[in-house]
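> Sequence first, predicted model second:
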Amino acid sequence: MGLRISKKINKDEKNVEQKLIDDGLLSTKDLHTAKLKALNKNLSLTQVLLSDAFVTDLALAKIFSECSKLDLIDLTNMSLEQEILNLIPEATVKKNNVLPIQMQDGSLIVAIKDPDDIIHLEKISAAVNRPFIYKIAVAGQLTDAIKRIYSPALGIEVGANVEKTTGGTRKIIFNESSKIVIEEVINQLIENCALFRASDIHIEPEDKILRVRARIDGILHEVSTLKIEHHAQVISRLKILAGLDIAEKRNAQDGSFQYNYMKKVIDLRLSTLPTVRGEKAVLRILDKTILQVSIDDLGFTAAMLESVKRILDMPHGLILITGPTGSGKTTTVYSMLNHINSIEKNIITVEDPVEYQLGIINQVQVNVKAGLTFANILRNILRQDPDIVMIGEMRDKETADLAIRAALTGHLVISTIHTNDSINTVTRLIDMGIEPFMVASSLAAVMSQRLVRVLCASCKKKNHIASTELVAISPAFANLQEAIIYEPVGCDQCYGYGYRGRQPIFELMVPTPQIRKAISLNKTTDELANMLSSGGFQTMRIDGIARVLAGVTSIDEIIKETI
């Protein structure tokens, strides 16, 4: 893997390598190490030099500029005209790391980070029917510029009026005295973020700007920056929509409201939090459709689905769903309730908040100010002759104690709890003050889960992975010689990200008599893990690797989400 360049540029691979050594930026040994890694990983030398921090991106850009005789361009805070940006499709820009800058004598000036890219960019030049004039940009600056300009593909660009632009999006320009503009900004944020399947919108004050980020498929992307002068107006407008006190700025507040868009009602939950720079606001976009997913469509393996259905048919016991915030626990719980819901069963839930109303099921909303805590509601629920009880979250000893006693006295109890995995859930309950023998007697199952991004079906790239790399990720795959996996690329369908949507990965712990005995004897987490492993217990990582081999997600996603 080398730093190749088209013949029209007076530069070759050895010139760059020699200059790196001559300028004292790289030793001969480091160059050899980087080239070897590039060859083994099927990467360019540039990618390895930058990712492993052998040289800075600024130093490498200067050397590229000198060796290729291409000008070095500074992209810091550069503003570009929309008609120039429209000359190259957004997905092409993101995929090829090329940025259109301006027209010059009929040619399009474009910024690139590596002269080697010119070879394939010539095809793009022919496709847009314009010759390119290439300029070298610092890799970090180019990446930041593309994010700054195109991540807000969510349609918000700040300036002084509201006007239509190409593609039906709107260009938002602030007018100091116009209230309607603030409303337009918020409307466009909600509409475009919902269109891009965002789950949350973060509005964060900084010293000079009001930054807006959206969480799409679990990853935060910057979608806009507004003038800091409009911070108070934006927060006040959101508070009015959510029915909050606009004068209260020292305490956190929570509220909700609905927004009508394209004949669809969007449910939004607003949370405000005072920070040292002012109030931050987070809008959670509640997609009710994901809370109606059938248990058959959650993504369980056939064997795990059979186990889950068998557990849900049990007359009593405690079922716990565990994972961090945003791991899909609520969706899993609601799918379980939908599966067991029937006219013959009295199902009562206690939730904070009630995110989706289910037929037949009696749902109770927590209201701490009125004295309706999880524990107090649970006490009263048990007097309501329930068959099944769902507790939104097990937060304290009192709630956990009541839930376990309910499970021991003939009720099926489903709840969520914040722990890292299934095994540590046992330790967490005991640490909360629950007696080990009560945990052992009541626990029917613990399911831990994470959400991983799904590779875009339109652009994912096939690759091969050796058994040694798989074993390094999980010893469970020691017998596998080689496998085909897929990696993200980026296209118009996934907006250049390489992923579209998310899917849960699971691990399910169903206590055997031996495990129950070990829990009652208060065995350590490591001892429980060894017993489970010898019994064929499959961790989330093993479930995740199976999905990698099925072409659903990437190795990087599994490594990021599991230990």
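Sure thing, it's come through. Numbers count the residues shown, from 1 in each chain.
> Name the helix or strand for Arg428, please.
helix 422-431 (DSSP states H and E).
> Just the C-alphas of that helix, formatted as CSV.
Only the C-alpha atoms of helix 422-431 are listed here, as CSV (Å, rounded to 0.1, in the frame of the first residue of the first chain):
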residue,chain,number,x,y,z
SER,A,422,-26.6,-10.3,33.1
ILE,A,423,-24.1,-11.7,35.7
ASN,A,424,-23.5,-8.3,37.4
THR,A,425,-27.3,-7.9,37.8
VAL,A,426,-27.2,-10.5,40.6
THR,A,427,-24.4,-8.6,42.4
ARG,A,428,-26.3,-5.3,41.9
LEU,A,429,-29.5,-6.7,43.6
ILE,A,430,-27.4,-8.0,46.5
ASP,A,431,-25.6,-4.7,46.8
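> so how far is it from its chain's centroid?
26 Å (C-alpha atoms, centre = their mean, to the nearest Å).
> Which elements pack onto it?
Counting contacts by 3 or more C-beta pairs under 8 Å, 6 or more residues apart in numbering; DSSP states H and E, helix 422-431 is packed against strand 317-322, strand 412-417, helix 436-442, strand 443-455, strand 499-509, helix 525-534. Using the backbone N, CA and C atoms, a C-beta is placed for each residue, glycine as well.
> and after the longest one, which helix or strand comes next?
Heading C-terminal from strand 443-455, the first helix or strand you meet, by DSSP H and E, is strand 461-466.
> Report the inter-axis angle for that following strand versus strand 443-455.
Angle of strand 461-466 versus strand 443-455, following axes from the mean of the first three to the mean of the last three C-alpha atoms, to 10 degrees, is 120 degrees.
> My guess is Asn194 contacts Ile285. True?
Let me fix one detail, which is that residue 194 is Ala and not Asn. Yes - Ala194 is within contact range of Ile285, at 5.8 Å (criterion: C-beta atoms under 8 Å).
> what do those two both touch?
Ile266 (C-beta atoms under 8 Å, 6 or more residues apart in numbering).
> So, low pLDDT: which residues of the stretch 351-500 of the chain?
Applying pLDDT under 70 to the stretch 351-500 of the chain flags residues 476, 481.
> Please disregard the earlier target; I meant the chain.
1-14, 52-53, 77, 151-181, 262-263, 289-291, 476, 481.
> the longest helix in it is where?
helix 179-195 (DSSP state H).
> Please save the CA atoms from that helix in CSV.
Taking C-alpha atoms only, helix 179-195 is exported to CSV below (Å, rounded to 0.1, in the frame of the first residue of the first chain):
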residue,chain,number,x,y,z
LYS,A,179,-40.6,35.9,16.6
ILE,A,180,-41.8,33.7,13.8
VAL,A,181,-38.3,32.9,12.8
ILE,A,182,-37.5,31.2,16.1
GLU,A,183,-40.7,29.1,15.6
GLU,A,184,-39.5,28.2,12.1
VAL,A,185,-36.1,27.2,13.4
ILE,A,186,-37.6,24.8,15.9
ASN,A,187,-40.2,23.5,13.5
GLN,A,188,-37.4,22.7,10.9
LEU,A,189,-35.2,21.1,13.6
ILE,A,190,-38.1,18.8,14.6
GLU,A,191,-39.2,17.9,11.1
ASN,A,192,-35.8,17.3,9.6
CYS,A,193,-34.4,15.4,12.7
ALA,A,194,-37.6,13.2,12.6
LEU,A,195,-37.0,12.6,8.8
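> Tell me the helix or strand right after that helix.
strand 198-205.
> Please state the offset of that following strand from the chain centre?
13 Å.
> quick one: contacts of that strand?
Against strand 198-205 from outside (C-beta under 8 Å, 6+ apart): 154, 189-190, 193, 210-216, 218, 220, 223, 228, 231, 234-235, 238, 275, 277-285, 287, 326.
> try stretch 389-400
For stretch 389-400, using C-beta under 8 Å, 6+ apart, the contacting residues are 320, 333, 337, 347-352, 366, 374-375, 378, 381-382, 403, 406, 411-418, 429, 432-434.
> what's the answer for stretch 248-255, then?
239, 242-245, 269-274, 278-279.
> tell me which residues in it are buried?
Buried residues in stretch 248-255, counted by 16 or more other C-beta atoms under 10 Å: Gln253, Gly255.
> First-to-last residue distance for that stretch?
For stretch 248-255, the first-to-last residue distance is 13 Å (C-alpha to C-alpha, to the nearest Å).
> quick one: the helix holding Arg428 to strand 443-455, angle?
130 degrees.
> if we can go back for a sec, which one of the contacts of stretch 248-255 is nearest to Asp105?
Asp105 has its nearest neighbour among these in Gly278, at 47.8 Å by C-beta to C-beta.
> What sits closest to the closest one if chain neighbours are left out?
Nearest residue to Gly278, sequence neighbours excluded (C-beta to C-beta, 6 or more residues apart in numbering): Pro205, at 4.1 Å.
> Wait, Val293 touches Thr331, no?
Yes - between Val293 and Thr331 there is a contact at 6.0 Å, judged by C-beta under 8 Å.
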